[in-house]
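Engineer: this one's structure only:
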């Protein structure tokens, strides 16, 4: 019998995220950057909190266009700090600005998506977990990616945050064996040559 991964519970928003987005391979640089920034905002919070605020984040952060956010200054930080629809952490907001600048450098040099997918050898990793206890909090790949991102100037990108990002973005397929979404993620990766 197929059972959905238990981490999403029964909240309809969380279930829809699990079923249609989490673990699906993302190859767009801007979309990957948005997911990484949101995972940074999640630090210390439950992902459902960020998921519920995601549209507010998209509005506050100008559609997560790195070129725009890279030019932000104190006025935009103050605006975000006054926005009750997002997580109002000065450190995380300022990190997003710095991360946008770092993104631009990587994107110009080699492409942000290519940079990130390079840590998995350009393919979706599959840990084939049987139960939630089999899913690691971090891996050698997430530690290497975290170290490289930090060297590029990124913040809020420790190896645990990076691993959550890798799971969400389909760089790794951590849907449990028997989860209906597992095969769909694998099929999408194959279709993309990942």
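Structural biologist: Sure thing, it's come through. Everything numeric here is computed off the predicted structure, so don't read it as measured data.

Engineer: tell me where the protein has strands.
Structural biologist: For the chain, strands defined by DSSP state E occupy the ranges 125-126, 172-173.

Engineer: show me the contacts for the closest residue to residue 155 other than its chain neighbours.
Structural biologist: Nearest non-adjacent residue to residue 155, counting by C-beta to C-beta, 6 or more residues apart in numbering: residue 95, 3.8 Å away. For every residue, glycine as well, the C-beta is placed using N, CA and C. By C-beta atoms under 8 Å, 6 or more residues apart in numbering, the residues touching residue 95 are 40, 154, 155, 156.

Engineer: can you map out the helices along the chain?
Structural biologist: Here the chain has its helices, by DSSP state H, at 12-20, 29-42, 47-60, 66-69, 74-81, 90-109, 112-117, 140-152, 159-168, 180-191.

Engineer: rebuild those helices as a markdown table, extending it with distance to residue 6 and mean pLDDT.
Structural biologist: Formatted as a markdown table, the helices of the chain follow (distance: least, C-beta to C-beta, whole Å; pLDDT from 0 to 100):
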| stretch | distance to residue 6 | mean pLDDT |
| --- | --- | --- |
| helix 12-20 | 10 | 96 |
| helix 29-42 | 19 | 97 |
| helix 47-60 | 14 | 97 |
| helix 66-69 | 35 | 98 |
| helix 74-81 | 34 | 98 |
| helix 90-109 | 28 | 98 |
| helix 112-117 | 28 | 98 |
| helix 140-152 | 22 | 98 |
| helix 159-168 | 15 | 97 |
| helix 180-191 | 13 | 95 |
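
Engineer: now these in TSV, with distance to residue 131?
Structural biologist: Formatted as TSV, the helices of the chain follow (distance: least, C-beta to C-beta, whole Å):
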stretch	distance to residue 131
helix 12-20	16
helix 29-42	23
helix 47-60	19
helix 66-69	38
helix 74-81	39
helix 90-109	32
helix 112-117	28
helix 140-152	20
helix 159-168	15
helix 180-191	13
